[in-house]
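In: structure of the sequence below:
(4 chains)
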Protein chains: 2
Amino acid sequence: MDVFLETVSALNDETRIRLLAFLDTHGALCVCDLQESFGMIQSRLSRHLKILKDGGFLRVDRCGTWAYYSIRSPLDRFRSEALAEIRCLGLELPQLIKLSQNEGCSL
Amino acid sequence: MDVFLETVSALNDETRIRLLAFLDTHGALCVCDLQESFGMIQSRLSRHLKILKDGGFLRVDRCGTWAYYSIRSPLDRFRSEALAEIRCLGLELPQLIKLSQNEGCSL
DNA sequence: ATAATATATCAAGATATATTGATATTATGA
DNA sequence: TCATAATATCAATATATCTTGATATATTAT
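Out: The predicted structure follows:
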């Protein structure tokens, strides 16, 4: 029950749905790129990304000080069905603004 | 987005998950039976059932003063995958206590 | 070592959701 | 009609979640 509720409540926020859609489109991104693209302060994004990670939707790859978040793969049936629903929403998402250009980290 | 969020937030509550599992097991039940079985006051149940109905999970059949709630059929992919997850939780549910015995209404 | 950058976490206030008790509505039966 | 029963809705309070700004930690560059 607790795990299911953690998964569901991760989906229960518009910002997090947009983040999932954005990462689904653009692949792995660091917090600072998301911060720039979404125009949100860093603490807000960091919190939402943690909730999505704990909900089983995202993975994190650390590379120096950077934390790259991406859709976890494979997703189980429920989570991938949720992602499919999100794809069908046809959300208008912000332009990707990429500040980080780490040569050292290829993701 | 709004419809998806309404669906997700309907799932985002332990009481509603238990109600879905209970109705999934026992079929159509009226509010007073759920009230008796769950030991909850009527206004609380009525509110949760409305949220589940608005979220697309339940249908209501009225019969005199009784309102019979049941799992809507067919459910779309996301909602039926959610229900499948709920079935897999193996929740311990209360005993069904059936007060109503309407001969006039066969559901 | 110091400074700058990226990220995570915490505390406080703002917003949303849940619970309760009271009231309103509708249907049934005496 | 009047009383009773089933359900829905509302107002007030309690609880949970979100947002912000500040602070802490860790890495890289000078």
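In: pull up the gap between the residue nearest to A:Leu75 when sequence neighbours are not counted and A:Asp76, please.
Out: Ranked by C-beta to C-beta, 6 or more residues apart in numbering or on different chains and with sequence neighbours excluded, the top spatial neighbour of A:Leu75 is A:Leu83, at 6.4 Å. (C-beta placed from N, C-alpha, C; glycine too.) Distance, A:Leu83 to A:Asp76, by C-beta to C-beta, to the nearest Å: 11 Å.
In: ok, A:Leu11 next?
Out: For A:Leu11, the distance to A:Asp76 - C-beta to C-beta - is 14 Å.
In: compare those two (neighbour count), which wins?
Out: Set A:Leu11 next to A:Asp76 and count neighbours by other C-beta atoms under 10 Å in any protein chain shown: A:Leu11 wins out with 26 against 13.
In: my guess is the more buried one contacts A:Ile17, does it?
Out: Yes: in this structure, A:Leu11 is within contact of A:Ile17 by C-beta atoms under 8 Å, at 6.8 Å.
In: got the buried residues for stretch A:12-30?
Out: A:12-13, A:16-23, A:28-30 (16 or more other C-beta atoms under 10 Å in any protein chain shown).
In: near chain B, which residues of chain A?
Out: In this structure, chain A approaches chain B at residues A:1, A:4-5, A:8-9, A:11-12, A:14, A:17, A:77-78, A:81-82, A:84-86, A:89, A:91, judged by C-beta under 8 Å from any C-beta of the partner chain.
In: filter those residues down to the buried ones, ChimeraX style.
Out: To isolate the buried members of those in ChimeraX, using 16+ other C-beta under 10 Å:
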select /A:4,5,8,9,11,12,17,78,81,82,85,86,91
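In: check the residues of chain A next to chain B against DNA strand D, which are close?
Out: Contacts with DNA strand D are made by A:Ser9, A:Asn12 out of the residues of chain A next to chain B, judged by C-beta under 7 Å from any atom of the strand.
In: report pLDDT for the nearest residue to A:Met1 once chain neighbours are set aside.
Out: Leaving aside its sequence neighbours, A:Met1 sits nearest to B:Leu89 (C-beta to C-beta, 6+ apart; 5.5 Å). If you check B:Leu89, the pLDDT there is 97.
In: for B:Leu89, give me its contacts.
Out: A:Met1, A:Phe4, B:Ile17, B:Ala21 (C-beta atoms under 8 Å, 6 or more residues apart in numbering or on different chains).
In: which SSE is immediately downstream of whichever strand or helix holds the second one?
Out: Remark: A:Phe4 resides in helix A:2-11, with elements defined by DSSP states H and E. In the C-terminal direction, the helix or strand that comes right after helix A:2-11 (DSSP H and E) is helix A:14-26.
In: is DNA strand C contacted by the host helix or strand of A:Glu36?
Out: For A:Glu36, the element it lies in under DSSP H and E is helix A:31-38. Yes: looking at helix A:31-38 against DNA strand C by C-beta under 7 Å from any atom of the strand, the contacts come from A:Val31, A:Cys32, A:Gln35.
In: same question, stretch A:92-99
Out: Yes: interface with DNA strand C: stretch A:92-99 contributes A:Leu99 (C-beta under 7 Å from any atom of the strand).
In: many thanks, we can stop here.
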